[in-house]
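Visitor: show me the folded form of this:
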Amino acid sequence: MGHFCTGVTVITTRDGTEPVGFTSQSFAALSLAPPLVSFAVANTSRSLPRILRSGAFSSNILGAGQEALGRRFGSPRQDRFAGVDWRPSPVTGTPHLAGALARVDCRVHEVLPGGDHTIVVGRVTAVAHDGGDPLLYYRSEFRQLRS
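Guide: So this is what the prediction gives:
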């Protein structure tokens, strides 16, 4: 599956007042009516129960210059938000990362088993976007578009 190029997102939520987030390459549009998106997360993820408990998440679609954020939120470190510029979504309160190419706010709509992962379906409540090129992931490496 490493030969399938994907975009890179950071899925975020708030567990009480604490921001939570992890890097995901499985984020995808699912439906236009109603507006639904999905992502898959390992069943062993510490973030999964926190997302389900909060009932809301944001998908921060990373831009070409945000490889460091992709690595940070994909690492096992505990303090992923330390020194990271973010603001709470005006709609869900979930973290919006500064400089993200786009941000998709969602309410958890459905949760489905997916082998060693859980598939989370979110109903889109708001979308915000800026210009720029996406950060990509291909064959276990971060990549950027070439002109």
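
Visitor: C-alpha coordinates for the strand or helix carrying Asn60, CSV please?
Guide: Here Asn60, judged by DSSP states H and E, is contained in strand 56-61. Taking only C-alpha atoms (Å, rounded to 0.1, in the frame of the first residue of the first chain), the coordinates of strand 56-61 have been written out as CSV:
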residue,chain,number,x,y,z
ALA,A,56,-15.8,15.9,17.7
PHE,A,57,-12.6,16.2,15.7
SER,A,58,-10.8,18.4,13.1
SER,A,59,-8.8,17.2,10.2
ASN,A,60,-5.9,19.6,9.6
ILE,A,61,-4.7,19.0,6.0
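
Visitor: how far away from the center of its chain is it?
Guide: From the chain centre to the centre of strand 56-61 is a distance of 5 Å (C-alpha atoms, centre = their mean, to the nearest Å).

Visitor: same question for it, mean pLDDT?
Guide: Averaging pLDDT along strand 56-61 yields 98.

Visitor: how about stretch 116-131?
Guide: 96.

Visitor: list the buried residues of that stretch.
Guide: Within stretch 116-131, the residues that qualify as buried are His117, Thr118, Ile119, Val120, Val121, Gly122, Arg123, Val124, counting by 16 or more other C-beta atoms under 10 Å. (C-beta placed from N, C-alpha, C; glycine too.)

Visitor: need the contact partners of it.
Guide: 26, 30, 34-44, 48, 51-52, 57, 59, 61, 63, 89-92, 96, 99-113 (C-beta atoms under 8 Å, 6 or more residues apart in numbering).

Visitor: in strands, which of those residues fall?
Guide: 30, 36-42, 57, 59, 61, 96, 102-113 (DSSP state E).
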